[in-house]
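K.L.:
what follows is a predicted structure for the sequence shown.
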Amino acid sequence: AQRVTQPEKLLSVFKGAPVELKCNYSYSGSPELFWYVQYSRQRLQLLLRHISRESIKGFTADLNKGETSFHLKKPFAQEEDSAMYYCALLYSGAGSYQLTFGKGTKLSVIP
Amino acid sequence: KAGVTQTPRYLIKTRGQQVTLSCSPISGHRSVSWYQQTPGQGLQFLFEYFSETQRNKGNFPGRFSGRQFSNSRSEMNVSTLELGDSALYLCASTQTGDADTQYFGPGTRLTVL
């Protein structure tokens, strides 16, 4: 069965320090992976998707199929990055697609 | 384009009652998915509708049901509410329901007393 694991519930870093939010997945097919972010009192929104290979707000994520990981990275954290981050796996089940989410990591950037 | 909208935003019910939540997808989007978000279980998939048909269902009891109308708006219904149904219910829409990015609404916060 498909599974997404985010091992850290809370991650605190100082402003300007590098950030790495970990995500590991378990899926027998070809994975389609996303990072979603939820800022305080805002809706869940897409941060980035692995197939687009874009850098959004300075964040990047590389899919490592050998390690089944999709870690989110940013070289210099900013205070506005403080939010909940969810890694998600999109897979096909019973004729349609659905997202399986990790439990999320709360990132706190200390000024 | 306007984003995904959900009504009501907040709801308080008592055990045993039933509730109906509504979701209006982004214009032109035909697929609507529903998720339940709780502190303990996180985000869990409920079901997905496309062109008025339920195509996929998560591991939830039959008390959770939904439907989709011809204008792609969707409703979900929870009957015989239990305390554990207290959660944020999110809907998300995509154009086709295939491997597209899902766009989320703000959610409906349901509290069961």
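P.N.:
Yep, that arrived. In this text the structure is predicted, and so the values were computed from the model without any measurement.
K.L.:
and the worst-scoring helix or strand of chain B on mean pLDDT, C-alpha only, in CSV?
P.N.:
Of all helical and strand segments in chain B, the minimum by mean pLDDT, DSSP states H and E falls on strand B:53-57, at a mean of 89. The C-alpha coordinates for strand B:53-57 follow below in CSV (Å, rounded to 0.1, in the frame of the first residue of the first chain):
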residue,chain,number,x,y,z
THR,B,53,-20.1,9.8,-10.8
GLN,B,54,-18.2,8.7,-7.7
ARG,B,55,-15.0,7.1,-9.1
ASN,B,56,-13.1,6.4,-6.0
LYS,B,57,-13.8,6.1,-2.3
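K.L.:
next secondary structure after it?
P.N.:
strand B:64-68 (DSSP states H and E).
K.L.:
before we move on, back to that, which neighbours does the least confident helix or strand of chain B have in its sheet, and in what orientation?
P.N.:
strand B:42-50 (antiparallel) (DSSP bridges).
K.L.:
which of the helices or strands spans the spatially most central residue of chain B?
P.N.:
With distances taken as CA atoms, centre = their mean, the residue of chain B nearest its centroid is residue B:34 (3.4 Å). For residue B:34, the element it lies in under DSSP H and E is strand B:31-38.
K.L.:
pull out the buried positions in that strand.
P.N.:
Within strand B:31-38, the residues scored as buried using 16 or more other CB atoms under 10 Å in any protein chain shown are B:31-37. The way it works is simple: take the backbone N, C-alpha and C, and place the C-beta from them, glycine included.
K.L.:
please save the CA atoms from the worst-scoring helix or strand of chain A on mean pLDDT in PDB.
P.N.:
Lowest by mean pLDDT, DSSP H and E among the helices and strands of chain A is strand A:96-101, with a mean of 84. The C-alpha coordinates for strand A:96-101 follow below in PDB (Å, rounded to 0.1, in the frame of the first residue of the first chain):
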ATOM      1  CA  SER A  96      -9.300   7.900 -10.500                       C
ATOM      2  CA  TYR A  97      -6.500   9.700  -8.700                       C
ATOM      3  CA  GLN A  98      -6.200  10.500  -5.000                       C
ATOM      4  CA  LEU A  99      -3.600  12.100  -2.800                       C
ATOM      5  CA  THR A 100      -2.000  10.300   0.100                       C
ATOM      6  CA  PHE A 101      -0.500  12.900   2.500                       C
END
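K.L.:
now the angle between strand A:96-101 and the strand holding residue B:34, please.
P.N.:
Note on geometry: by axes from the mean of the first three to the mean of the last three CA atoms, to 10 degrees, strand B:31-38 and strand A:96-101 are set 20 degrees apart in direction.
K.L.:
and strand B:31-38, how far out from the chain middle?
P.N.:
5 Å (CA atoms, centre = their mean, to the nearest Å).
K.L.:
against which helices or strands is that strand packed?
P.N.:
Taking 3 or more CB pairs under 8 Å, 6 or more residues apart in numbering or on different chains; DSSP states H and E as contact, the helices and strands that strand B:31-38 lies on are strand A:96-101, strand B:42-50, strand B:74-78, strand B:87-94.
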